[in-house]
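Asker: Make a model of this:
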Amino acid sequence: MFALTQHKRQPKRLTPVLLTCLLLTLSACSTYRDIPPNSPISQVENQMGTPNYRCTLPDGRQRLVWSQQPQGQYAYGANVNQQGNIDKVQSLLTDSHFRRLTEGRWTQSDVACEFGPPAEIDRVGLGEKNEVVWTYRYKQNNAWNSLMFVYFGRNGDAVTHYHSGPDLRYERWFND
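Answerer: Next up, the predicted model:
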């Protein structure tokens, strides 16, 4: 016959390594949308890292931008109040956010502060139509690999117009 031995069941405990892996996996699933408004900037930087662009807004608040330009398609921004808390983290490279360029006068400094640094800066056009243009890579409607072209006129003084177009890096027929 078989001899049955009774084993004492040990309570299962998560080892520190397993617990750390579990926490890292769960934290990797969080996004900028999980950061509540009025969070301290230290908490935001712990989750999103150090912003790669900073500027001062006309009202004295600091603006922080986490940008993936020149190769990535996303940028996120938040404004910091005097107490060191953010208003909210928002996605910057969207058609609806680019529409802000129709409100008032936008200089190159204003655009960089609002959207972060561009992927490319160039000049286009001939003669009097020659203009400074900044290009942002972005995911239009979270689906289409696109570019947003922001034109600053011949002297680069202020935004004259903007429009989107396809990002040819992703067009197979163009790369063959």
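
Asker: residues near residue 151, how many?
Answerer: Neighbour count for residue 151, taken as other Cβ atoms under 10 Å: 19. The C-beta positions use only the backbone N, C-alpha and C, and glycine is treated the same way.

Asker: isn't it right up against residue 161?
Answerer: Yes: if you go by Cβ atoms under 8 Å, residue 151 and residue 161 touch, sitting 5.2 Å apart.

Asker: Which pLDDT value belongs to residue 17?
Answerer: Residue 17 is assigned 61 on the pLDDT scale.

Asker: Please read the previous query as pertaining to residue 100.
Answerer: Listed pLDDT for residue 100 reads 97.

Asker: Mind checking what secondary structure it has?
Answerer: Three-state call for residue 100 (DSSP: H, G, I helix; E, B strand; the rest coil): helix.

Asker: Distance check, it against residue 40.
Answerer: Distance of residue 100 to residue 40, computed by Cβ to Cβ, to the nearest Å: 27 Å.

Asker: Can you pull up the most central residue in this protein?
Answerer: The centre of the chain sits closest to residue 75, judged by Cα atoms, centre = their mean, with a distance of 1.5 Å.

Asker: Can you name the residues that contact it?
Answerer: 65, 66, 67, 68, 69, 91, 92, 93, 115, 116, 136 (Cβ atoms under 8 Å, 6 or more residues apart in numbering).

Asker: hmm, 10 Å instead?
Answerer: Going by Cβ atoms under 10 Å, 6 or more residues apart in numbering, residue 75 touches 52-53, 65-69, 90-94, 97, 114-117, 136-138.

Asker: For residue 151 and residue 161, list the residues in contact with both.
Answerer: With Cβ under 10 Å, 6+ apart as the test, residue 151 and residue 161 both reach 101, 131, 133.

Asker: Just to check, residue 139 is in contact with residue 164?
Answerer: No: in this structure residue 139 lies outside contact range of residue 164 using Cβ atoms under 10 Å: 11.1 Å.

Asker: Buried residues of stretch 81-88, list them for me.
Answerer: For stretch 81-88, burial by neighbour count (16 or more other Cβ atoms under 10 Å) applies to 85, 86.

Asker: Same question for stretch 40-48.
Answerer: Neighbour counts over stretch 40-48 (16+ other Cβ under 10 Å) mark 41, 44, 48 as buried.
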